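Trainee: 3D, please:
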Amino acid sequence: MFLSMTLLFSGIGEVPVYAASAKNQPVEAAQEALISSPAQETQLTEEADSVDEESIPETEIIPDANVTDDDSAAGDDELPVEEPGLSDELLLSEEVEETDETDNDRLMTVRFLSGTVYASELEENDLYKMTGDTTIIISEEDNINITGLENDSPDVGVNLTIQGSTEGILKVGYIELLNTDQSKTLEITGGTVECENKIKNDGKIIISGGHISASTISSKSDIEIRNSMVKVENLSDNAADGCIKSNNGNIIIENSKVTATCNASAAIYAGNNLTIERGAVNARNIGGTEAYGLWSVAGAVTIHDPLLDVRGGIAAIRSGGSIESWNTTAVTYPAGGTFGYGSDSGFWTVLDSENKTAKKVHIESSYSGYTYNISADQTELDFGTSDYGVTPPEAKTIVITNIGNAAIRLDEIDTSTATAFTITPLSDTYLLPDETATFTVRPKENLTAGEEFNQQIGVYTNRSDKFISPITLKFKRNAF
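Mentor: Reported below is the predicted structural model:
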């Protein structure tokens, strides 16, 4: 295996540099071999001087059309300095090529980045190291996939802002910002960000808009989620990064839809205070030693007007301080629901009817000013008539909309009597005001010839008096 690194300097042609490495050396180790300081550059130059000149191919130097005679007169030691950015403004690009034992080539390009850029300018599958504060703008038509975003050095932290349209998508392998003093902020104000692995910042994380998905969202400082849709799922056995985790700070979730599923640790973990206000939160732990849905280690859990479903292997909610609530009604399973100190657990939690720590909790708002209701864009689907043996008509879509002013949960569709139709699950379960969910309906194949089908389904919610039923489904199969 060999490493091929290409240095791209503004106004200078490409200069290839080769460095030997052991076979199957990890990419991370390969990156350490890249030029990163003047001292390393000098060392490589001195080594190059000792190489037999006959082994070096003659290289044609192509003059830069942008360099004037005045620039040339300034001398080689006074090259023009450009601000780091994208495309022609990139100061340095490094290519790391690795060949494995099966001779399959893997090529990854590491690029340096700072300033304000459009997502469409990012190169597919490349890794971006930020050398300064960076803003990435996502446009409606974007569907970009990059390997990762990280800062160039933990000693020099950077602020990263991602903004734009939720119609556009930025897919990224991971986002990791390390800053020793935890003073830098990762802020997402819009756009759809699909992160295959972790979103991690040593400093503060602010999500104030957009649709975000990741395996973990973690910070050593505060995490704030407002007016956003966030889905985090970490099913690994590693509890280090958790699911949504603030190691030493506070977590605030306000007027957002958050789904957090974690295997090895608490679904939502706050080192200090944890506050959930309005919106809809589904926090579920399915294993591990930190088996809690919500866990505030040193502070209080505050719950105000949410729609909240929480599960934990040990307890649904654990608070190191207290549990404070406004306009809420807690319902545990099988029954009960009071906030208090659990004598069987030794911490503040939700207690069931037997005064024991509850592992499954459903909490609703009791605020009288909220209205709850849903609508369907159609309540009758007529698929017409088709001959026996002919492929059934195409599926039709039904759109369910939350027309109330508070979050609502859609339960499973009642399809018990709709035996002649194939019905897909709902596209979403928790709906904030004006949000929608969809499902499709299609007649099944090989239905009895000569029979007419007139069947019904219903869509129900967590509010027992708010549902849509019946939705009528019609189809006729001709006789042979």
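Trainee: Could you list the paired strands of the lengthiest strand in the chain along with their orientation?
Mentor: Looking across the chain with DSSP state E, the single longest strand is strand 105-118. Each strand paired with strand 105-118, and its direction, by DSSP bridges: strand 93-99 (antiparallel), strand 127-138 (parallel).
Trainee: weakest of those strands in terms of mean pLDDT?
Mentor: The minimum mean pLDDT among those belongs to strand 93-99 (a mean of 41).
Trainee: so where's the stretch 1-150 of the chain shaky on pLDDT?
Mentor: 1-107 (pLDDT under 70).
Trainee: Not counting its neighbours along the chain, what's nearest Glu479?
Mentor: No, residue 479 isn't Glu; it's Ala. Gly450 (3.5 Å; CB to CB, 6 or more residues apart in numbering). (C-beta placed from N, C-alpha, C; glycine too.)
Trainee: Just to check, the one you found is in contact with Asn478?
Mentor: Yes - counting by CB atoms under 8 Å, Asn478 is a contact partner of Gly450 at 6.8 Å.
Trainee: And the helices in the stretch 251-400 of the chain?
Mentor: All residues of the stretch 251-400 of the chain lie outside helices when identified by DSSP state H, counting those that start in this stretch.
Trainee: in it, which segments are predicted with low confidence?
Mentor: For the stretch 251-400 of the chain, residues meeting the criterion pLDDT under 70 lie at 334.
Trainee: Go again with 90.
Mentor: Low-confidence segments of the stretch 251-400 of the chain, defined by pLDDT under 90, span residues 264, 286-290, 325-339, 343, 352-355, 366, 388-390.
Trainee: Now the common contact residues for Gly450 and Asn478.
Mentor: Between them, Gly450 and Asn478 share these contacting residues under CB atoms under 8 Å, 6 or more residues apart in numbering: Tyr388.
Trainee: ok, so what distance separates the residue nearest to Ala479 from Val390?
Mentor: Using CB to CB, to the nearest Å, Gly450 is found at 14 Å from Val390.
Trainee: quick one on the thing from earlier: please say which of Gly450 and Asn478 ends up with more neighbours.
Mentor: Neighbours around Gly450 and Asn478, counted as other CB atoms under 10 Å, are more numerous at Asn478. The numbers are 14 against 11.
Trainee: Let me know the pLDDT of the more buried one.
Mentor: We have a pLDDT of 91 for Asn478.
Trainee: Next up, phi/psi of the nearest residue to it once chain neighbours are set aside, please.
Mentor: Ranked by CB to CB, 6+ apart and with sequence neighbours excluded, the top spatial neighbour of Asn478 is Asp387, at 4.8 Å. Reported as degrees, to the nearest 10, the phi and psi values for Asp387 are phi -80, psi 160.
Trainee: Please name the bridge partners of the residue nearest to Ser353 when sequence neighbours are not counted.
Mentor: The spatially closest residue to Ser353, leaving aside those adjacent along the chain, is Gly336, at 3.2 Å (CB to CB, 6+ apart). Per DSSP bridges, residues listed as beta-bridge partners of Gly336: Asp352.
Trainee: how much space is there between Gly336 and Asn201?
Mentor: Gly336 is 39 Å from Asn201, by CB to CB.
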